[in-house]
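K.L.:
here you go, sequence then predicted model.
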Amino acid sequence: MQRVTITLDDDLNAAFERFRAEHGYANRSEAVRDLIRERLQTEHLRRAPAGHCVATLSYVYNHHERALASRLTEAHHHHHDLAVSTLHVHLDHDHCLETVVLRGATDRVRAFADAVIAQPGVRHGRLSVLPVRAAEQAHGHGDDGAAERHLHLEPLT
């Protein structure tokens with residue numbers, strides 16, 4: 001671990017201290033590490049958008065909107081290889097919140113998310129993407145110790 005010293009002007013330091021307190025960071029180091037990770041992730045996605053990722057897609061929609069629920073279900077089925085899990089929450093008599101955990105090629109995940117968010121009747125759509133290094137590995141996890149191949153996703157930041 002490296003120790004790094006930085007100098008901030010008074011206004012920036014005050015804003016940073018407010019950020020740290022509002023987000024519950026116990027110390028400056030962890031807050032700075034998280035900010036750096038977030039920026040590095042953004043830069044990685046800008047430079048290499050074709051890599052792999054895990055992501056969450058959250059959106060609110062009116063389930064009374066004409067055929068919207070059917071269109072969303074169809075979109076999910078057409079991209080079943082990307083969706084890991086879906087959480088569906090009824091907000092009121094008309095609106096639902098869905099959060100979908102996705103994994104796969106970043107360009108395909110973004111295209112799916114854009115298509116869902118662009119559906120008429122979908123509101124408040126947001127995609128959060130974490131770039132990962134995807135590697136298939138074989139090793140034993142079970143009681144018998146037999147080697148089994150499965151995908152490992154290592155965060156890049």
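P.N.:
Yep, that arrived.
K.L.:
just the CA trace of the lengthiest strand in the chain, in PDB.
P.N.:
Ranked by residue count under DSSP state E, the longest strand found in the chain is strand 122-140. The C-alpha trace of strand 122-140 is given here as PDB (Å, rounded to 0.1, in the frame of the first residue of the first chain):
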ATOM      1  CA  VAL A 122     -40.500   3.300 -19.500                       C
ATOM      2  CA  ARG A 123     -39.400   6.000 -17.100                       C
ATOM      3  CA  HIS A 124     -36.300   6.700 -15.000                       C
ATOM      4  CA  GLY A 125     -34.100   4.100 -16.700                       C
ATOM      5  CA  ARG A 126     -30.500   3.900 -15.600                       C
ATOM      6  CA  LEU A 127     -27.700   1.500 -16.400                       C
ATOM      7  CA  SER A 128     -24.700   1.100 -14.100                       C
ATOM      8  CA  VAL A 129     -21.800  -0.800 -15.600                       C
ATOM      9  CA  LEU A 130     -18.800  -2.400 -14.000                       C
ATOM     10  CA  PRO A 131     -16.100  -3.500 -16.400                       C
ATOM     11  CA  VAL A 132     -14.700  -7.000 -15.600                       C
ATOM     12  CA  ARG A 133     -12.100  -9.400 -16.800                       C
ATOM     13  CA  ALA A 134     -14.000 -12.600 -17.800                       C
ATOM     14  CA  ALA A 135     -12.100 -15.800 -17.600                       C
ATOM     15  CA  GLU A 136     -13.300 -19.400 -17.700                       C
ATOM     16  CA  GLN A 137     -11.500 -21.400 -15.100                       C
ATOM     17  CA  ALA A 138     -11.600 -25.000 -14.000                       C
ATOM     18  CA  HIS A 139     -11.200 -26.000 -10.300                       C
ATOM     19  CA  GLY A 140     -13.000 -28.000  -7.700                       C
END
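K.L.:
for it, buried residues please.
P.N.:
Neighbour counts using 16 or more other Cβ atoms under 10 Å place 122, 125, 127, 129-132 of strand 122-140 among the buried residues. (C-beta placed from N, C-alpha, C; glycine too.)
K.L.:
dump these to a markdown table, plus pLDDT and distance to residue 69.
P.N.:
Formatted as a markdown table, those follow (pLDDT from 0 to 100; distance: Cβ to Cβ, whole Å):
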| residue | pLDDT | distance to residue 69 |
| --- | --- | --- |
| 122 | 92 | 11 |
| 125 | 93 | 15 |
| 127 | 92 | 20 |
| 129 | 88 | 25 |
| 130 | 86 | 28 |
| 131 | 85 | 32 |
| 132 | 87 | 31 |
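K.L.:
alright, that wraps it up for me.
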